[in-house]
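Engineer: turn this into a structure:
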Amino acid sequence: MAFNSNNPFLSSKRFSPTSVAEKSNKVHQAQIIDYGQDMTLSGTINKSIILFLLLTATAMITWWMAFNGINPMLPTIGGAIVGLILVVIAAFKPQLSPYLAPGYALFEGLFIGGISAIFEAMYPGIVIQAVGATFVTFMVCLGLYKYKIVKVTEQFKSVVMAATLAIATYYLISWLFSMFTSFTPVHYGNSLMSIGISVFVIVIAALNLFLDFDRIEKGVQEKMPKFMEWYGAMGLMITLVWLYIEFLRLLSKLNSRN
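Structural biologist: Okay, the predicted model is just below:
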């Protein structure tokens, strides 16, 4: 059975038993990964917590720099770039996730800390609001998924996938136009249209959580290799980072209207 995901990181190919087995067989036997163990839900949860703690630890570094007179832009931008590179590598080499996932959390933490400090300097109190909103959204989605109130059907996956692709395409085109022309994307500023777009993006990001939960659950059921716990945890962390950033943007727009 193939499982599709709108999260490019948690793609159907990565959580396909055949694909994972093929990649596992290519790894040298001396590599320190235990392929004799299966992916478990508790293991994925534990690794998600580890990634969260690592991300928080490095986020505190750039946060401290920003509020102590040290320019955090270099580690902030560098962290975002390196984090993206690690995600791309992991997408093609999931067997390396036990090493790439912690690295992603460390470098992405530098980005999160720096960007959070920038928003906090402009709108005091906004970070705790965004963190709270992200946490509540995560818990609500987890509860809805656990108790089968929201069921991840093929139609559900297709709609969320299409919406996510549309958002990514829009962001990319807007960024390119704003760089090379005087065009100002509609989602910039604090207009009602811009706020509405942010709300829509947050809803889609939240729906991605349901697909992440589903992919992890299916991976456990299909008895994926142990390293897929890191891979699943990394995919979930990517979605949570996206959701947090979007909450920061929405709250900043609302605050700027006051």
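
Engineer: and residue 188, what element?
Structural biologist: For residue 188, there is no host helix or strand (DSSP states H and E).

Engineer: from residue 249, how far out is it?
Structural biologist: Between residue 188 and residue 249 the computed distance is 10 Å (C-beta to C-beta, to the nearest Å). Where C-beta positions appear, they are placed from N, C-alpha and C, glycine not excepted.

Engineer: which one of the two has more residues nearby?
Structural biologist: residue 249 (20 against 14; other C-beta atoms under 10 Å).

Engineer: list the contacts for that one?
Structural biologist: residue 198 (C-beta atoms under 8 Å, 6 or more residues apart in numbering).

Engineer: what are the phi and psi angles of it?
Structural biologist: Phi and psi for residue 249, reported as degrees, to the nearest 10, are phi -70, psi -40.

Engineer: measure it to residue 40 for me?
Structural biologist: On the measure of C-beta to C-beta, residue 249 and residue 40 end up 36 Å apart.

Engineer: hmm, residue 65 is touching residue 75, no?
Structural biologist: Yes: using C-beta atoms under 8 Å as the test, residue 65 is close enough to residue 75 to be in contact (7.3 Å).

Engineer: run a quick neighbour tally on residue 107.
Structural biologist: Neighbour tally, residue 107, other C-beta under 10 Å: 23.

Engineer: quick one: it is in a helix?
Structural biologist: Yes: assigned with DSSP: H, G, I helix; E, B strand; the rest coil, residue 107 falls within a helix.

Engineer: if we can go back for a sec, overlap in contacts of residue 65 and residue 75?
Structural biologist: residue 114.

Engineer: got the contact list for residue 236?
Structural biologist: Residues counted as contacts of residue 236 (C-beta under 8 Å, 6+ apart) are 48, 209, 212, 216.

Engineer: so it, which state does it fall into?
Structural biologist: Residue 236 - assigned by three-state DSSP - is helix.

Engineer: so what's it scoring on pLDDT?
Structural biologist: Residue 236 is assigned a pLDDT of 96 by the prediction.

Engineer: model confidence for residue 1, exactly?
Structural biologist: 39.

Engineer: and what of residue 146?
Structural biologist: In this model, residue 146 carries a pLDDT of 94.

Engineer: repeat that for residue 31.
Structural biologist: 45.

Engineer: what's the neighbour count on residue 59?
Structural biologist: 23.

Engineer: for it, which non-adjacent residue is closest in space?
Structural biologist: Nearest residue to residue 59, sequence neighbours excluded (C-beta to C-beta, 6 or more residues apart in numbering): residue 113, at 3.3 Å.

Engineer: isn't the one you found up against residue 72?
Structural biologist: Yes: here residue 113 reaches residue 72: they are 7.3 Å apart, a contact under C-beta under 8 Å.

Engineer: overlap in contacts of those two?
Structural biologist: With contacts taken as C-beta under 8 Å, 6+ apart, residue 113 and residue 72 have 62-63, 66 as neighbours in common.
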